[in-house]
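Enquirer: sharing a sequence plus its predicted fold:
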Amino acid sequence: MAAISPVAPAAETSARRLIDSHGRVIHDLRVSITDRCNYKCVYCRTGEYGAQYPELGIEEYLRLIKLFVNLGIEKVRITGGEPLLRQGLIELIEELARLRTPKGEPLDLALTTNGHLLDKLAQPLKTAGLNRVTVSMDAVDAPTFERITRVPGSFNKVIAGVRAARDAGLTPLKINCVLLRGFNDNEIEGFARFAREENVVVRFIEFMPLEEGRLWTPEIVVPLKEIVDRIGREMPLVPMPPREASETARRYTFADGVGEIGIIAPVSQAFCGACSRVRLTSDGKIRTCLFSQVEHDLYGRMRAGEDEKELSDYIAKTINGKEARHHIGEPGFLKPSRSMVHIGG
Ligand code: SAM
């Protein structure tokens, strides 16, 4: 894990940058705009529950996001639940595309989706001002894919969505795949070929204890080294240099320079020391870490009538208290009360 600076300044808002008590600059906000999802991926959801948390009005998300942007957030990723289910998404993207950071620059606007509705929405999203999408896909063959999502016909829908996003210029197009041993780890080499054939960046993500049920064990995680070794046996990989300190993925290209894969290894090679993220849940709570045990009710304060200054101070103070790191795999580790789908991945 990258070292955490020992500096412990108060949250620095005067320079319009959000800095936590470990010296990390927080410039990346993930916002869940709905708790609903049209997939029931077996490693994420039990299949017994639907949405568990309310959603806010689009105007309310916009007001909250503006507060963060005025404090120095430069990158906003819209997520869920499944964000493409949300009415008003295009209007939200249009408004976000008009915002400027304190440096006067447009936001880096991204969205994470399961891709099911992307074939129709890719072009309108691009036109509205979205820069990039990440599509979650956990298999490259239809039967395995549909066994995971529990939605018949989903594979062809998502492939159509991926191609529509690429054609609309929502690039570089990233495909995120969560690997589980004995379940879809036989897809690793197929995904590497898919990255090259479809001209997309495939990123493998280690499975984290954030599921609704109790599936996670250390043994089910397929670690970074194993993924690299397995692909390398068939197609030699060449490491690529990181583009920024807070980059979560270790990036590799292939020996012939065609294609890119990445591996996000929060379990075997945690990157908390370089974390630049904070999250806002669909019901307007700030989460300073995926594994936070506490949530901070920003929306409640807005509803109670706090003004922009009071809300901004609350955000800065909350971010100042961001956890140093997660404790996955350590004795006494506690799963957070919300699972990934209800936090916003
Ligand atoms: N519906 C959208 C989607 O499919 O991308 C956004 C929400 S989904 C929960 C966000 C991402 O979290 C997906 O890529 C999913 O695979 C990932 N995810 C869910 N549970 C996870 C877990 N326990 N560990 C790692 N990633 C997980």
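Expert: Yep, that arrived.
Enquirer: can whatever helix or strand Phe194 lives in be found next to the ligand?
Expert: Taking DSSP states H and E as the definition, Phe194 sits inside helix 188-198. No. Residues of helix 188-198 are not located near the ligand by CB under 6 Å from any ligand atom, the shortest gap being 13.3 Å. C-betas here are computed from N, CA, C, even on glycine.
Enquirer: and the gap between the closest residue to Glu219 other than its chain neighbours and Asn156?
Expert: Spatial nearest neighbour of Glu219, excluding adjacent residues (CB to CB, 6 or more residues apart in numbering): Arg181 at 6.5 Å. Here Arg181 is placed at a distance of 27 Å from Asn156 (CB to CB, to the nearest Å).
Enquirer: next: Arg193.
Expert: Relative to Asn156, Arg193 is positioned 19 Å away (CB to CB).
Enquirer: repeat for Thr281
Expert: 32 Å.
Enquirer: who's more crowded, those two?
Expert: A count of neighbours by other CB atoms under 10 Å puts Thr281 above the other of Thr281 and Asn156, at 26 against 12.
Enquirer: find me the pLDDT at that one, would you?
Expert: The model reports Thr281 with a pLDDT of 98.
Enquirer: verify the stated contact: it with Tyr53.
Expert: Yes. Taking CB atoms under 8 Å as the definition, Thr281 is a contact partner of Tyr53 at 6.5 Å.
Enquirer: up against the ligand, what does the stretch 51-200 of the chain have?
Expert: Thr79, Gly80, Glu82, Thr112, Thr113, Asn114, Ser136, Asn176, Val178.
Enquirer: just the ones of the residues you listed in strands?
Expert: In this view, those that belong to strands under DSSP state E are Thr79, Thr112, Thr113, Ser136, Asn176, Val178.
Enquirer: can I get those in CSV with pLDDT and neighbour count?
Expert: Formatted as CSV, these follow (pLDDT from 0 to 100; neighbours: other CB atoms under 10 Å):
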residue, pLDDT, neighbour count
Thr79, 98, 25
Thr112, 98, 22
Thr113, 98, 24
Ser136, 98, 22
Asn176, 97, 19
Val178, 97, 25
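Enquirer: of those, closest to the ligand?
Expert: Ser136 (3.3 Å; CB to the nearest ligand atom).
Enquirer: beta-bridge partners for the closest one, please?
Expert: As for beta bridges, Ser136 partners with Asn176 under DSSP bridges.
Enquirer: show the contacting residues for it.
Expert: Contact analysis of Ser136 by CB atoms under 8 Å, 6 or more residues apart in numbering lists Thr112, Thr113, Asn114, Gly115, Ile175, Asn176, Cys177, Val178, Gly345.
Enquirer: any weak-confidence spans in the chain?
Expert: The chain contains residues with pLDDT under 70 at 1-15.
Enquirer: where do the helices of the stretch 1-150 of the chain begin and end?
Expert: In the stretch 1-150 of the chain, the segments counted as helices under DSSP state H, counting those that start in this stretch are 58-70, 89-98, 118-128, 142-149.
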